[in-house]
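> How does the following fold in three dimensions:
(chains A and B)
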Amino acid sequence: MELTDNSQDYNARPSFIKSLGWFDWLYALLLAGGSIYAFQLYGDYMDAYEKGILFLTAAGLIWQGWFWKPFRALLLTVAALSLFGISQYHGQLLRAEQAFFLKFFFGSQTAIMWMSALFVLATASYWLALLSRSDFIARVSSAITWSAVVMGFVGLMTRWYESYLISPDVGHIPISNLYEVFILFSLLTALMYLFYELRYQNRQLGAFVLLVISAAVGFLLWYTFDRQAHEIQPLVPALQSYWMKIHVPANFIGYGAFALAAMVGVAQLLSDKGILTSSLPAQDMLDDLMYKSIAIGFAFFTIATILGAMWAAEAWGGYWSWDPKETWALIVWLNYAAWLHMRLVKGLRGPLLAWWAVIGLFVTAFAFLGVNMFLSGLHSYGTL
Amino acid sequence: MTHSNPLQRNLAQGLYELLSSMRFAISLLTVLAIASIIGTVLKQSEPYTNYIMQFGQFWFQTFEILGLYDVYHSSWFLTILAFLILSTSLCIYRNTPLMLREMRSFREHATESSLRAFSHQAEFSTTLPAEPLKQRLGKYLQGQGFRAKIGAPNEAGDVLIAAKAGSYHRIGYILTHTAIVVICLGGLIDGNIPLKAQQLLGWKKIETRDIPQNEVPAVSRLSPSNLSFRGGVTIPEGAGADVIFIHVADGYLVQDLPFDIMLKKFRVEHYPTGQPKSFESDITLIDKATKESVTRTISVNHPLIYKGIAIYQASFGDGGTRLNMKGWNLFSPKHESFDTKGAISQSTQLSNGDATYTIEFTEFRKFNIENFAGEDGGSSALDNFNKFFQTGSTKRVQKDLRNVGPSFQYKIRDAQGQAREYFNYMLPIQLEDRWYLLSGMRTAPNEPFRYIRLPLDKQSNIEGFMRLRAVLLDKQSHPEIARRFAEFALQGEQIDPKLLAKLADSTTKVLDVFASGGYESMAKFIEQSVPAAEQDKAAQTYLKILESAAVSAWHVAQTRAGQPATVDDETRHFVRESLNTVSDLFVYGAPVYLQLAEFDEVMASGLQLTRSPGKNIVYGGCVLLVLGVFFMFYIRERRIWLLVQSRAGTVLLAMSTNRKTMDFEQEFSLHKAQLANLIKG
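Numbers count the residues shown, from 1 in each chain, chains lettered A, B, ... in the order given. This next block holds a predicted model:
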């Protein structure tokens, strides 16, 4: 016989909605209210898709905050600081260099510099914690990483606002060129790391993950100071589409997760070789984290590639043109599909998979950067 | 009665095993990935002449046989894809029944010994009677999100409660793999396999000649009923088209459309910085069958879809802008200009004595935004870094963007087919406070243009320069210039006719040498006729003579033309610059300098038309894929067995999953603890 009655059960898991506290509801209310306010202010300038994206983003963020509690505080802090920053502009772009709070904290350039500095500091601090085995320093490192994430997001928000100050027709979401997506990449990688840090209650991997973020920051700084890449550029016609708002973030969740997996792979390989073994988490945990991060990366990369194909169908006249960027996305996808098959179906574990994840990062990096640098094609928005 | 050969059967079985195996699938993924790389490294679908130039004849042919110029449509690549579809289909066929059975099954027939062999198991002792215990355990499992089945007691009186959760995990497998097959099939529908087949059978032939589309024979045309196509056409403003061109290998096919497309107007909008902001075409479609017409503006990201055919804004170009020009013959020292006409994408013949030249007008730009901010010193990374910490920003405002007006580009080809390319601005440009007309020249398309500056006279005309140039190059005028110069130079001194004649003589000589090839021939002349030790001094003297004589030349030219001829500092500067330009014009290489006087701009819009019936199939496959991926990763299949052995007063817990993760370990510990509590009483 099969049990089907719905009487009150022993140790039953409370339903998700019932497990939410007052802060969850306040958070949801603020997000819902905020999106409705934004809609009232700017709804006239949005097309149907953009309206859809606005409300779905709000819903997504609510869900994200409910699912991962620290996200609520992060989002509210970023929102508060960004709104404060924006209030300081008085509608004048020049005030980014004059107003005290903008010049030293929340102007987009300054905030991004803070993010960069904090990420580098966090990297050093995580290494110090790893080598000295100090839990206190590790906690400090986490705090620094969180602050970097806050400043990075504030920087992106004020940059978004600044782009509209230049001219309403120049304004756009700051994920349109290599400079902007490098910030996005750093932030998303850091966020995913912080999620797993709390989930596994383990701060030793920060030293490795933050290395890849620091590398991105290094590139960002070079790009800023040598190439003036931080200057806000108007969008070329091909990029003027709501698709950008969903295709790019989905892609960078993928890239970030693959980077995270690769750095965990490095840690696993070192630990396997007897280097830092006693300081690093157990192989099981590393293995588990690597799998989860590749799984989430693969899921989002799949979505991103599909969204990209749909966008291509609208902008370039075909959902698949075998453009170098598309082809390399396929190669990345095939690579991780093979990785997942090896692990899930063949049950493969250990150094081979770790090496594969590390090499996977190089393949991904080529798809992300190499294609733009060395190959020519339709997708030439992020050239160096 | 059938006799199946055991060897054959084994072979078929073996083949089936191989094709549906994981090993084969993974190998295919790898081969596909590597094959895909080729097409990203080697530029695809370029004109074949480019490949010949790049690789040489031998490798060009080898690569052509291998299909490397269109890798993704080559038969070997399609074969890999076909194998991928086959392998995935077999994999689905082989595993789906198993998966569905697994999904439905509670595995309620597990024996005690098999449960004891599980890696995750625990045993609890209990004092509770069997019936309430069973109910309690059943409810517990249900509360934890499991579906449970309580079996009948066996002969020993033991009851097995079998429970499962997350069975949809396995649906994920079916969805993802079906998705791959669906996507590939959808893609194949939109691919060019039917076309390839028709080509192989000789029903269709690629056209390689450059002929008007209505002269293209039927064997190279595709009917409007063609299932799927993707091609383009460029339509000038005010014109129309009812075909598109499909690029295949080194030629093309003409696709007839079921409608006419008329382009009324094409627009480019720009940001203040000069970057393009939008490309828009006002088009009207007229259906050939129904005579229905649709008028719409299409732009990038906003195509028009009419009866399954999508019309995209793909590119733009010049639709034959008409140009009225003034020309100066540079080979004969005359200052008069002549009028000439041309249009972009067309050419005109020009003859100069017995030499003929073709001028091919290639490009017209209505405006050019140039940055006039000079390179300032503070652009190094370190300086910007310091600047940032002083001002909180590295933004620079020194950009001085100016629209310098229209320009046009043309090639001048001589009788031997050698061409040089020229880029002329229509309007004068101010450089260092003076005005010039700029003309750029290059000998190869990949070189940057090198510009010569034609200085404007006081009336802001080019005529002053042309007049001066005419007298400078006209050897018959040289004695007159020389005499004028000598008289002027020896002014106030008692004129010694011998000295005068000598000076006039050497001035004529200098002018003659300059007129034969500019500064370069002067340098050569000095090298040949002056001893090495005195060359520097001689050069200085000659230059001085030339510059001063040129001022006299200017005077002569102005006087002859009835123009004011007062010499001041400005004049001297003008003359000096004119000398440089005259000298530069010797390497300009063109028989003529063309100045744009008027234009009538005609734009053309490049449209891409696509019919892809497989698109929705592919999108359907994508939905399956995403659902499948999430089912596979985020629904975890777990099974719990509780064997209630009332006679022994124990409950045996066993738990399994098809995917061991740390979450599973945690969940097992949790269940173990909670069940221990529950079973205790």
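
> C-alpha from now on. contacts and neighbour counts both.
Fine.

> Mind splitting the chain into its structural domains?
Picking chain A for this. Here the domain assignment for chain A is A:73-235, A:249-384, based on automatic domain parsing.

> switch to chain B, that's the one I care about
Using automatic domain parsing, the domain parsing of chain B gives B:7-101, B:122-166+B:639-680, B:193-227+B:229-319+B:603-611, B:326-370+B:429-600.

> Turn those domains into CSV, including distance to A:Tyr319, mean pLDDT and mean neighbour count.
Compiled in CSV, these are given as follows (distance: least, C-alpha to C-alpha, whole Å; pLDDT from 0 to 100; neighbours: other C-alpha atoms under 10 Å in any protein chain shown):
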stretch, distance to A:Tyr319, mean pLDDT, mean neighbour count
domain B:7-101, 15, 89, 16
domain B:122-166+B:639-680, 34, 90, 18
domain B:193-227+B:229-319+B:603-611, 11, 92, 18
domain B:326-370+B:429-600, 32, 88, 17
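
> related to what we said a few turns ago, how about the domains of chain A, which one is nearest B:Gly464?
B:Gly464 sits nearest to domain A:73-235 of all those, at 43.7 Å, using C-alpha to C-alpha.

> now the closest one: how far from the chain's centre is it?
A distance of 11 Å separates the centroid of the chain from that of domain A:73-235, by C-alpha atoms, centre = their mean, to the nearest Å.

> With chain B in mind, check whether it reaches it.
Yes - interface with chain B: domain A:73-235 contributes A:96-97, A:103-104, A:109-110, A:222, A:225-228, A:231, A:234-235 (C-alpha under 8 Å from any C-alpha of the partner chain).

> Only the buried subset of those, as a ChimeraX command please.
Buried subset of the residues of domain A:73-235 next to chain B, written as a ChimeraX selection, criterion 16 or more other C-alpha atoms under 10 Å in any protein chain shown:
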select /A:96,97,103,104,109,110,222,225,226,227,228,234,235
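
> Are we agreed that B:Phe361 is in a strand?
Yes - assessed with DSSP: H, G, I helix; E, B strand; the rest coil, B:Phe361 lies in a strand.

> Just put the domains of chain B in CSV and tack on distance to A:Trp22.
Output for the domains of chain B, formatted as CSV (distance: least, C-alpha to C-alpha, whole Å):
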stretch, distance to A:Trp22
domain B:7-101, 43
domain B:122-166+B:639-680, 25
domain B:193-227+B:229-319+B:603-611, 44
domain B:326-370+B:429-600, 58
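
> State the distance from B:His247 to chain A.
13 Å (C-alpha to the nearest C-alpha, to the nearest Å).

> Assign a three-state SS to that residue, would you?
strand.

> Quick one: distance of stretch B:532-552 to the chain centre.
Distance, centroid of stretch B:532-552 to centroid of chain: 53 Å (C-alpha atoms, centre = their mean).

> For it, which outside residues touch it?
With contact meaning C-alpha atoms under 8 Å, 6 or more residues apart in numbering or on different chains, stretch B:532-552 is reached by B:472, B:481-482, B:484-485, B:507, B:510-511, B:523, B:526-527, B:530, B:567, B:571-572, B:575-576, B:579.

> Cross-reference these with the strands and report the matches.
Using DSSP state E, the subset of those located in strands is empty.

> Just the ones in helices from those, please.
B:472, B:481-482, B:484-485, B:507, B:510-511, B:523, B:526-527, B:571-572, B:575-576, B:579 (DSSP state H).

> Can you name the two of those that sit furthest apart?
B:Glu527 and B:Thr571 (30.8 Å).

> re earlier: of all pairs in the residues of domain A:73-235 next to chain B, which one is the farthest apart?
So, the residues of domain A:73-235 next to chain B by C-alpha to C-alpha: farthest apart are A:Phe104 and A:Leu235, at 28.3 Å.

> Tell me the secondary structure at B:Ala597.
Assignment for B:Ala597 (three-state DSSP): strand.

> Surely it and B:Asn324 touch.
Yes - assessed by C-alpha atoms under 8 Å, B:Ala597 is found in contact with B:Asn324 at 5.5 Å.

> any idea how far the closest residue to A:Ala338 other than its chain neighbours is from A:Phe71?
Nearest residue to A:Ala338 in three dimensions, chain neighbours excluded: B:Ile26, at 5.9 Å (C-alpha to C-alpha, 6 or more residues apart in numbering or on different chains). As judged by C-alpha to C-alpha, to the nearest Å, B:Ile26 and A:Phe71 stand 38 Å apart.

> is any part of the strand of greatest length in chain B close to chain A?
Counting by DSSP E, the longest strand found in chain B is strand B:251-270. No - Strand B:251-270 stays clear of chain A (C-alpha under 8 Å from any C-alpha), getting no nearer than 9.8 Å.

> what about A:His230, neighbour count?
Look at A:His230: counted by other C-alpha atoms under 10 Å in any protein chain shown, it has 22 neighbours.

> tell me the contacts of A:Gln268?
A:Gln283, A:Leu286, A:Asp287, A:Pro351, A:Ala354.

> what does B:Arg572 give?
By C-alpha under 8 Å, 6+ apart, the contact list for B:Arg572 reads B:Val551.

> Distance check, it against B:Arg434.
For B:Arg572, the distance to B:Arg434 (C-alpha to C-alpha) stands at 14 Å.

> residues contacting the residue lying closest to B:Ser477 once chain neighbours are set aside?
Leaving aside its sequence neighbours, B:Ser477 sits nearest to B:Val471 (C-alpha to C-alpha, 6+ apart; 6.1 Å). If a contact means C-alpha under 8 Å, 6+ apart, then B:Val471 has B:Pro333, B:Ser477, B:His478, B:Ala553, B:Trp554, B:Val556, B:Ala557 as its contacts.
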